[in-house]
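1. need a structure here:
(2 chains)
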Amino acid sequence: NAGVTQTPKFQVLKTGQSMTLQCAQDMNHNSMYWYRQDPGMGLRLIYYSASEGTTDKGEVPNGYNVSRLNKREFSLRLESAAPSQTSVYFCASSETQGVVTIYFGEGSWLTVV
Amino acid sequence: SQQGEEDPQALSIQEGENATMNCSYKTSINNLQWYRQNSGRGLVHLILIRSNEREKHSGRLRVTLDTSKKSSSLLITASRAADTASYFCATVLNSGYALNFGKGTSLLVTP
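-> Next up, the predicted model:
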């Protein structure tokens, strides 16, 4: 039981390049989330997926797209990376939305130069 | 915008001492949760307190919630060096779909 697994762990991109962060959970959770964490800013929600087949914007969605590929997988895509997207990205999941505990992956460190 | 704000931003204590962290939030909440993050790792859930609860315990953790003051506190008793981490409060709004996190309190426990 791995929980929430995200890849890659580390990535360096050049400005304008694209990449996809992959996330998978094996807890049969319905809801999944992508957060970014920046020094002094805490965690901010980028996108979430309440259930398979649905996605919605969070607090900071600009520059990102997501795909809920199936119940297990939720990917985050940067179409044209910018230095402002240098951050640590966390995928998370929960059984449902709302009054629940969410489970985090270990993070993906992304640097855009 | 972030809903919760932790205070202090950083806290340094010695092993055996108690550590208290506070969280203030702005609007009505459904519940409030505390998470811990070790350096370079993901966040781990510690405890959840619902809006109709005032106090909750889990091992060496004690959480209080005062909805009239829109604040919560996390007390770690008899701290250990292994408690060194960042601690975040997170709230679910009544209209909520996801957790909103504060900026965290960085706790250092020295032997």
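2. quick check: which ranges of chain A have low pLDDT?
-> Per-residue confidence for chain A (pLDDT under 70) gives these ranges: A:1, A:98-99.
3. contact residues of it facing chain B?
-> A:4, A:31, A:33, A:35, A:40-45, A:48, A:50, A:56, A:58-59, A:90, A:92, A:97-99, A:101-107 (CB under 8 Å from any CB of the partner chain). Where C-beta positions appear, they are placed from N, C-alpha and C, glycine not excepted.
4. please enumerate the strands of the chain.
-> I went with chain A, as the question did not name one. A:4-7, A:10-13, A:19-25, A:31-38, A:42-49, A:56-57, A:64-68, A:74-78, A:87-94, A:103-104, A:108-112 (DSSP state E).
5. wrong chain, I was asking about chain B
-> Under DSSP E, chain B gives strands at B:4-7, B:10-14, B:19-25, B:29-37, B:43-50, B:55-58, B:61-66, B:71-76, B:85-93, B:100-101, B:105-110.
6. from the contact counts, what lies against the second one?
-> With contacts defined as 3 or more CB pairs under 8 Å, 6 or more residues apart in numbering or on different chains; DSSP states H and E, the packing partners of strand B:10-14 are strand B:19-25, strand B:105-110.
7. tell me the buried residues in the first one?
-> Just to be clear, that refers to strand B:19-25. Using 16 or more other CB atoms under 10 Å in any protein chain shown as the test for burial, strand B:19-25 gives B:19, B:20, B:21, B:23, B:24, B:25.
8. ok, the shortest one next?
-> For strand B:105-110, the neighbour count (16+ other CB under 10 Å) marks B:105, B:106, B:107, B:109 as buried.
9. what's the mean pLDDT across it?
-> Averaging pLDDT along strand B:105-110 yields 96.
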